[in-house]
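K.L.:
predicted model and sequence follow; I will ask about them next.
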Amino acid sequence: MFTATINDIQLTFTEKGSGTPVLLLHGLTGNRHMFDEETKVLKKYLRVIVPDLRGHGDSERPSSYTLEDIIEDCYALIEELEIPSLHIIGVSMGSYVAQGLAIRLGDRVNRLVLVATKSAGTTSSMQALFDAHEEELQGLSHNAKLLKASKYMYHDLQAVGQWSKGAAKKAEAMTAEQIEAANSALMGFDFTNQLSSISAKTLVISGDHDQLNPSEEGRETARLIPHATFAEFNQSGHAPNVEQRLLYLDFVLEFLGIERTA
């Protein structure tokens, strides 16, 4: 585990393996441990860098911030580590950060993988889902809402439950105020008019059971990026990297030009 002072806040990140750098970006209210299983595989071939994004995990948790702040943190971390070019993989909120970074970095991004993504939103997808099922979720805590709404989010609830609980145990729980700050950071973002400037070859993966960021959102994002391929996993919801992990790793490794070894 490493820490760095970036844009006047402390960011925590891990770095494992060697070779071409790949930056892994987690989702809303998550942390770097969401990628522990992927890291075990990717570190055999790549230099894997996994930050806790601003407001999450072991990184500093300001009372308010924006998606642009998170993007700037990641850009500054790349500069701090003196990385000339890299791959980027982002899941859910991490995929929005990845889009912003790819727009900012231009041809410094070799390959871009966007998982469970969309290119614009008036609120966070989580808040939008909670609002859509407000009557059913009324009066529940954030964690209780997540548990009850998980049937709308995922296909393999058992796999996702084990994965999310495992990652949650490795970081301090977010308070209600910190969760609100994270949700607020995603209000009103829109990359649709800038995606045409992304030069990286891009793979967009959606799950067809995902009601947070439905597959049509991923398909539209891929349509707007010049060199993008879209894949829909038919036994996944909002976490294809967990619900169909082996298929996901095969897709990603092939896309990155890596021949998998035992």
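P.N.:
Structure received. In this text, all values refer to a predicted model and were calculated from it rather than measured experimentally.
K.L.:
who touches the closest residue to Val115 other than its chain neighbours in this structure?
P.N.:
The shortest distance from Val115 to any residue other than its chain neighbours is 4.4 Å, reached at Val91 (CB to CB, 6 or more residues apart in numbering). Every C-beta, even on glycine, is put in place using the N, C-alpha and C of the backbone. With CB atoms under 8 Å, 6 or more residues apart in numbering as the criterion, the residues that contact Val91 are Leu25, His26, Gly27, Met34, Val115, Ala116, Ala239, Asn241.
K.L.:
could you rerun that using 6 Å?
P.N.:
Residues in contact with Val91 (CB atoms under 6 Å, 6 or more residues apart in numbering) are Gly27, Val115, Ala116.
K.L.:
flag every buried residue along the helix or strand hosting Phe130.
P.N.:
Here Phe130 sits within helix 125-132, counting by DSSP states H and E. Using 16 or more other CB atoms under 10 Å as the test for burial, helix 125-132 gives Ser125, Met126, Gln127, Leu129, Phe130.
K.L.:
mind giving me JSON lines with those and columns for pLDDT and distance to Phe251?
P.N.:
Shown next, in JSON lines, are the buried residues of helix 125-132 (pLDDT from 0 to 100; distance: CB to CB, whole Å):
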{"residue": "Ser125", "pLDDT": "81", "distance to Phe251": "22"}
{"residue": "Met126", "pLDDT": "82", "distance to Phe251": "25"}
{"residue": "Gln127", "pLDDT": "85", "distance to Phe251": "29"}
{"residue": "Leu129", "pLDDT": "85", "distance to Phe251": "26"}
{"residue": "Phe130", "pLDDT": "87", "distance to Phe251": "30"}
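K.L.:
thinking again about what came up before, between the contacts of Val91, which is closest to Met174?
P.N.:
Gly27 (12.7 Å; CB to CB).
K.L.:
was I right to think the closest one contacts Ser92?
P.N.:
Yes. With contact defined as CB atoms under 6 Å, Gly27 counts as touching Ser92 (3.4 Å).
K.L.:
can you pull the buried residues of stretch 254-262?
P.N.:
Phe255, Leu256, Ile258.
K.L.:
which outside residues touch stretch 248-262?
P.N.:
So stretch 248-262 is contacted by Val41, Tyr45, Arg111, Val113, Leu203, Pro240, Asn241 (CB under 6 Å, 6+ apart).
K.L.:
where do the strands sit along the stretch 101-250 of the chain?
P.N.:
109-115, 120-121, 189-190, 201-207, 228-233 (DSSP state E, counting those that start in this stretch).
K.L.:
and the second one, average pLDDT?
P.N.:
Right, the one you point to is strand 120-121. The average pLDDT within strand 120-121 is 93.
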